[in-house]
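Asker: coordinates only, no sequence provided:
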């Protein structure tokens, strides 16, 4: 067991869990915040890429570069939609829906990649669907306007884009993590540049700027460095467990610092969503461990 890698992964997930709290304190809209985030990540991780000398040994494959660029489009849209969700709903609710991404991986894989849908996967999808209804409030599903204004659509879109990022990223083997992220965040700068409203940066307080730079340098640059540095040194079982540090921190900050109090139905919804996701991630790993023991 690599204790150093586990510690890095835990720290990265804990820091990333505070991104919602930072986002609501920046004072700027979602697109502009993602634009700053892409610039900071490109500079920070680009510097790490060159300092480590990894740029000298990169193997540039045309197909992988194109795939990485498409993956970057979904990554940036994922960030924009998630930050939009933070503007419309509580961090706890947005993060809970955002973490449905593994469920969408199952659905997309079944529909388009001809992957077999197991009873475990189907059960998890049904449980998470019920959790989504409870968490957003059944009353918000009665009219299109109430549904659209709830922020649920933004959070759902962020989860779908995150799922697409995971699916596309799985097939990229030749590029290093630094090169892949550098290409993706550079894509974000190019995508968002024509749509930026630079007036939103006028009149910001020092506190706003600190939260903005924190989101860019800490939550993107530093966190991604820790994440990628530890990712390839840990087993799938450990990673599956540690990724839940992120939503736990996000929910704690939302309830302790932003005074969010979920209703009983929302609490049930949160439990159903994370229960379904944990079941989806843990069940295959348990079976894999059991099969290994039987072989021994």
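Answerer: Sure, I can see it. In this text, all values refer to a predicted model and were calculated from it rather than measured experimentally.

Asker: from residue 244, how far off is residue 134?
Answerer: Residue 134 sits 20 Å away from residue 244, taking C-beta to C-beta, to the nearest Å as the criterion. (Glycine included, C-beta is placed from N, CA and C.)

Asker: which one's more surrounded, these two?
Answerer: residue 134 (20 against 16; other C-beta atoms under 10 Å).

Asker: please identify the helix or strand for that one.
Answerer: Assigned by DSSP states H and E, residue 134 belongs to helix 119-136.

Asker: what average pLDDT does that helix get?
Answerer: Throughout helix 119-136, pLDDT has a mean value of 73.

Asker: remind me which residues of the chain are low pLDDT?
Answerer: 1, 113-115, 117, 121, 136-150, 231-232, 235-237, 239-241, 280-296 (pLDDT under 70).

Asker: residues of the helix holding residue 134 that come out buried?
Answerer: Neighbour counts over helix 119-136 (16 or more other C-beta atoms under 10 Å) mark 121, 124-125, 127-128, 131-132, 134-136 as buried.

Asker: again with stretch 73-90
Answerer: Under 16+ other C-beta under 10 Å, the buried positions of stretch 73-90 are 73-86, 88-90.

Asker: quick one: neighbours of the residue nearest to residue 174 when sequence neighbours are not counted, just the number.
Answerer: If the residues on either side of it in the chain are set aside, residue 174 comes closest to residue 59, at 4.7 Å by C-beta to C-beta, 6 or more residues apart in numbering. Using other C-beta under 10 Å, residue 59 is surrounded by 10 other residues.

Asker: and residue 173, by the same measure?
Answerer: 8.

Asker: mind checking the SS state of the residue lying closest to it once chain neighbours are set aside?
Answerer: Leaving aside its sequence neighbours, residue 173 sits nearest to residue 64 (C-beta to C-beta, 6+ apart; 7.6 Å). Classification of residue 64 using DSSP: H, G, I helix; E, B strand; the rest coil returns helix.

Asker: OK, contacts around residue 64?
Answerer: By C-beta atoms under 8 Å, 6 or more residues apart in numbering, the contact set of residue 64 is 171-175.

Asker: cool, residue 230 as well?
Answerer: 2, 4-6, 8-9, 12.

Asker: next, residue 52: phi, psi?
Answerer: As for residue 52, its main-chain torsions (degrees, to the nearest 10) stand at phi -70, psi -10.

Asker: ok, now which ones touch it?
Answerer: Here residue 52 is in contact with residue 178 (C-beta under 8 Å, 6+ apart).

Asker: gap between it and residue 228?
Answerer: 11 Å.
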